[in-house]
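Undergrad: with the input below, show me the fold.
(one chain, ligands or ions: 1)
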Amino acid sequence: MAKTPTTAGTTALGDAGELHQTASSPETRTTTNHGAPISDNQNSLKAGPRGSTLLEDFILREKIQHFDHERIPERIVHARGSAAHGFFELTDSLADYTTAKILTEVGQKTELFTRFSTVAGGAGSVDTPRDVRGFAVKFYTTEGNWDLVGNNIPVFFIQDAIKFPDLIHAVKMEADKGYPQAASAHDTFWDFIGLMPESTHMIMWAMSDRAIPRSLRMIEGFGVNTFRLVNAEGVATLVKFHWRPKLGTQSTCWDEAVKIAGADPDYHRRDLYEAIAQGDFPEWEFGVQLFTQEEADALPFDILDATKLVPEEDYPIRVIGRMVLDRNPDNFFAETEQAAFLPTNIVPGIDFSEDPLLQGRLFSYQDTQLSRLGTVNFHQIPINQAKGCPFQNFQRDGQMQTQVFKGRANYEPNSLAEAGEDGGPREDPKGGFRTAPVPVEGEKVRLRAESFADHYSQARLFFQSQTAPEQAHLASAIVFELSKVSLPHVRERVLSNLINVDETLAQRVAEGLNLPLPKASKPAVAPVDLEPSPALRIIGKYPDTLKGRKVAILVADGSDGAVVAQVRKAVEGDGGSVFVVAPKIGGAKLADGSTLAADGQLAGSPSVLFDAVAIILSADGCAQLMKEGAAVDFAKDAFGHLKAVGFTAEAQPLLDKAGVEPDEGVIDLSSAADAFLTPARTRQWDREPKVRMLA
Ligand code: HDE
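TA: Okay, the predicted model is just below:
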C-alpha cells in the first residue's frame, strides 16, 4: 500500500524515530563499513515511494552484499563446535623434562581458548549424536601459541594420515543421498570399518557411552598422538597428554540422546554457555604420561601407533595443572567459528613424534584454514593471534593483511641497522624452537611398521575392562548401528572382526541382529589378553555430589510449596541446580495461593534434559496432568533413563500411568528430602534390565 511521503526520502512508516530508536550522538550512530553515517536503516532508496529500487543505493548494496557472504565454508570435520575462554595454571613443574615455560613456571596462569566439537555433523547439526568429541585447546603462551588439538577418546580409527579422507568420506552423509547427517549408523561407514581392522579399538570407544556425553563439562580429553618434551640439555622424553574433568566423565543413555536431539539440539552448547554465565566454571585436571625411549621400546605395541593407548595402571598420569573455562565468547562467529587450531602451533620445549597420523596432521590444519578462512593471514584474526608474546617476521602482504609495516626491512639477512634504520627481527639460536635431535634412518618406503600390526588386543582390553552395563551398552550400540546397515556382507564382515575382539561380544551382537555368527576374520597378529584397566570405565566414577547436575521439579496448580522449597534446598545444598517445570510458563498457583514461576513449560522441558526429577503434585494437579501426554512421558522417560524420581504421594497415579515401578531410585519426598539426593547423584543401573532389552 502506498505511504504518504512526509519528507524527501522517508515515509510515514519509515520515518526514523517513530517506530525505533535513533542515534542520540555521532558515537552511537550506524555507519556504512567505510564510516558514512546512515540516516535511514529501514528503507531502501527508490524511484518514488513505491519503487523501483535504485542501483545507486550503496547502503543497501553494501549491507546485502556483506550478508550474502556471511557464511564461510564450515570445517570439513568438527564443523559443529562450542567454545570458551579460560586459563591454564601449572601446579607441578616439568622442568626436568622441558624448557617450555608453560610447563615449568608453577603458579603461572596462561590464557587459553577451548573448542569442543562433534566430528561428523555439519555446523547446524545437533549436539548429541553418537560421535567422537573434539577437544582443542589454544594456549596463548609467552613463547607463542601452543595448540593441543585432541579428542575425548585416546585412540584413533586409522594409523596413517593417508587414510583420513577415506574415513571422513565414509562417515559423513552418503555422497549420493545427502544423508544421514551426523550419524555413523549407515552402510559406507561400516563398510570402511569392516575393511579396516585397525579401526576396531577406536570402534569400541565410539560405541561406548563415551560417545554420548552428558555434557561437554563431563568429557575427558586426550592429545591422542605421542609428543616429545625436550629439556635444556636437549634430552627428549615421550609424552601423552590428558584432560580429566572435575565433574567426572558422565554420559546419557542412547535413546535419551536421541530424544535430546529433538528437545534441545543445542543441549551441550547451552549447558556450557549457561554454566559459565552462572559462574559455575568447568574445570579439568591436566596430566601427562612420560616415557623414556627405552620404556617406550619395551611396550608391547608401538608408541607411534595412534590406535593404541598406554594403560594408566602401567604408566600413571601425573597431574601437573588445571584448566578453568570462565568466559563465554562475545561473538560466536568471530571467536568460535574463526578459531583455527593447528597441531603445528608448538612452543620451544615441546616437539612432535614420528606418528604417521600426526605427521599428516602437521600439514592438514594449516592447509585447511586457507580454504576456510580464505587467507594466509588468518593468524591475524584476534582469536588466533599470539597474545602472550609479540609476533614478528618478514612475511608480508597477502589477502586481508591488517598489519601496517614500517620501514623497508622485509628480508634477511640485512644490514640496515648499520645505517641507523630498523633492521627488523632476527632468529634466536638459544631461545628459539629447536627440533629434538632424534635419529632417523632407512630407505624411502610406503610401508607400515610390523609393530603396528596388532589390531585387536587393545580392543579386547577395552571391552573386557568395562562393567557389565557398559558392555551391554556397547554391544547394543553396535547392534543399533549395524541394524541401520542395509548391506548384509558389510554386517557380516564386522561380525567376523568382532570375534577377534571377544567372542561373547560378537555372539551378543549377532543375536541382537538375529543373524548367525560367521567365521572369525584372520587377524594379522593373533590378539592377546591384557590385564584389564579399570581406568577405561565410566560407571562407578561419578562424583559424590550433585555438582553440575540439574534437577527438574514438576509442579501444577495446587502443588505444595513447602515440599518444593525442601527439595530445592537439598539439591542446591549438594551443588546441583533446580529447574521448575509447569504446564504454563507463567507458573503454577501453589496450595498456599502464591504463584511459583516456571523456568520452563512442560511441553518444551521434557525430562531428558535433566539428571533427576521431583514430581510434586496435588491430587487435583495430578488428575489434570494424567490427561497430558507430556507429563506422562516426563515420568516415563525419567524412569526409563535410569534417573532418580522423587514424588509426592498425590502424584502416584501419574507414576502408575507412566509405568514407574518402585525401586531405590524412586523416592517418596515425604521421607527426608535428602533421601532423594543419593540416587539423584547417579543413574540407577540396576533398573536397566526392567526398562530396556540390551544385547
Ligand atoms: Fe583433525 N582435522 N585430523 N584430528 N581435528 C581438523 O582442521 C586431520 C585427528 C581434531 O575445534 C581439520 O581446522 C587429519 C586426530 C579436532 O577447530 C582438518 C587427521 C585428532 C579438530 C583435520 C586428523 C583430531 C580437528 C578440519 C588424520 C585428535 C577441530 C578443520 C591424520 C588428536 C579443531 C580444521 C577445532 C579438525 C585434519 C585426525 C582432532 C581437516 C588429516 C587423531 C579437535 O585439518
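
Undergrad: so which residues on the stretch 251-400 of the chain come close to the ligand?
TA: Neighbours of the ligand within the stretch 251-400 of the chain, by CB under 6 Å from any ligand atom: Ala306, Ala339, Ala340, Phe341, Leu357, Gly360, Arg361, Ser364, Tyr365, Thr368. Yep, even glycine has a C-beta here, placed from its N, CA and C like the rest.

Undergrad: of those, which is the nearest to Lys172?
TA: Minimum distance to Lys172 across those is 14.9 Å, recorded for Thr368 (CB to CB).

Undergrad: who touches the closest one in this structure?
TA: Applying CB atoms under 8 Å, 6 or more residues apart in numbering to Thr368 gives the contacts Arg75, Ile76.

Undergrad: show me the contacts for the closest residue to the ligand within the stretch 551-695 of the chain.
TA: Relative to the ligand, the nearest point of the stretch 551-695 of the chain is Leu609 (25.1 Å; CB to the nearest ligand atom). For Leu609, the contacting residues are Ile260, Ala263, Asp264, Tyr267, Lys550, Ala552, Phe579, by CB under 8 Å, 6+ apart.

Undergrad: show me where the stretch 201-350 of the chain has strands.
TA: Applying DSSP state E, counting those that start in this stretch to the stretch 201-350 of the chain gives strands spanning 221-222, 227-230, 236-245, 283-291, 318-327, 350-352.

Undergrad: just to revisit the earlier point, neighbour-wise, which of the residues of the stretch 251-400 of the chain next to the ligand leads?
TA: Compared across those, Ala306 has the highest neighbour count, 28 neighbours, by other CB atoms under 10 Å.

Undergrad: ok, it touching Val224?
TA: Yes. Counting by CB atoms under 8 Å, Ala306 touches Val224, with 5.7 Å between them.

Undergrad: who touches both of these two?
TA: Taking CB under 8 Å, 6+ apart as the contact criterion, the residues that touch both Ala306 and Val224 are Val155, Phe156.

Undergrad: show me where pLDDT drops low in the chain?
TA: Screening the chain residue by residue with the criterion pLDDT under 70, one finds the ranges 1-19, 673.

Undergrad: who in it is up against the ligand?
TA: Counting by CB under 6 Å from any ligand atom, the residues of the chain near the ligand are 75-78, 81, 115, 117, 134, 136, 149-151, 156, 161, 164, 224-225, 306, 339-341, 357, 360-361, 364-365, 368.

Undergrad: is it true that Asp351 touches Leu358?
TA: No. Using CB under 8 Å, Asp351 makes no contact with Leu358, being 10.9 Å away.

Undergrad: identify the contacts common to these two.
TA: Residues touching both Asp351 and Leu358 by CB under 8 Å, 6+ apart: Phe227.

Undergrad: can you classify the nearest residue to Pro197 once chain neighbours are set aside as helix, strand or coil?
TA: Setting aside the residues directly before and after it, Pro197 is nearest to His455 in space (CB to CB, 6 or more residues apart in numbering), at 4.2 Å. With DSSP: H, G, I helix; E, B strand; the rest coil as the basis, His455 sits in coil.

Undergrad: for His455, what are phi and psi?
TA: phi -100, psi -10 (degrees, to the nearest 10).

Undergrad: residues in contact with it?
TA: Taking CB under 8 Å, 6+ apart as the criterion, His455 is in contact with Pro197, Glu198, Thr200, His201, Thr307, Asn500, Pro523, Ala524, Val525.

Undergrad: quote the end-to-end distance of stretch 373-390.
TA: 22 Å (CA to CA, to the nearest Å).

Undergrad: I meant to write stretch 426-444 there.
TA: Taking CA to CA, the first and last residues of stretch 426-444 lie 35 Å apart.

Undergrad: ok, stretch 682-689 next?
TA: Chord length of stretch 682-689, first to last residue, is 17 Å (CA to CA).

Undergrad: filter the contacts of His455 to the buried ones?
TA: Among the contacts of His455, those classed as buried by neighbour count (16 or more other CB atoms under 10 Å) are Pro197, Glu198, Thr200, His201, Thr307, Asn500, Pro523.

Undergrad: how close does the first one sit to the ligand?
TA: Counting by CB to the nearest ligand atom, to the nearest Å, the gap between Pro197 and the ligand amounts to 18 Å.

Undergrad: would you confirm that that residue contacts Ser521?
TA: Yes. If you go by CB under 8 Å, Pro197 and Ser521 touch, sitting 7.2 Å apart.

Undergrad: backbone torsions only: list them for the residue in the chain that the ligand sits nearest to.
TA: In the chain, the residue that lies nearest the ligand is Gly134 (2.8 Å; CB to the nearest ligand atom). Taking degrees, to the nearest 10, you get phi -70, psi 150 for the backbone angles of Gly134.

Undergrad: residues in contact with the closest residue to Lys387 other than its chain neighbours?
TA: Taking CB to CB, 6+ apart, and ignoring the residues beside it in sequence, Lys387 has Tyr140 as its nearest neighbour in space, at 4.1 Å. Contacts for Tyr140 were tallied using CB under 8 Å, 6+ apart; they are Thr110, Glu111, Leu112, Phe113, Ala386, Lys387, Gly388.

Undergrad: was I right to think the second one contacts Gln385?
TA: Yep, that's Glu111 we're talking about. No. Glu111 is beyond contact range of Gln385, at 11.3 Å (criterion: CB under 8 Å).

Undergrad: residue ranges of the helices in the stretch 101-250 of the chain, please?
TA: Assigned helices in the stretch 101-250 of the chain, in chain order: 164-171, 187-194, 200-206 (criterion: DSSP state H, counting those that start in this stretch).

Undergrad: make TSV from those helices and add distance to Ala95 to it.
TA: What follows is the helices of the stretch 101-250 of the chain, written out as TSV (distance: least, CB to CB, whole Å):
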stretch	distance to Ala95
helix 164-171	36
helix 187-194	43
helix 200-206	34
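
Undergrad: pick the most buried one from those.
TA: helix 200-206 (a mean of 26; mean count of other CB atoms under 10 Å).

Undergrad: perfect, I'm done here.
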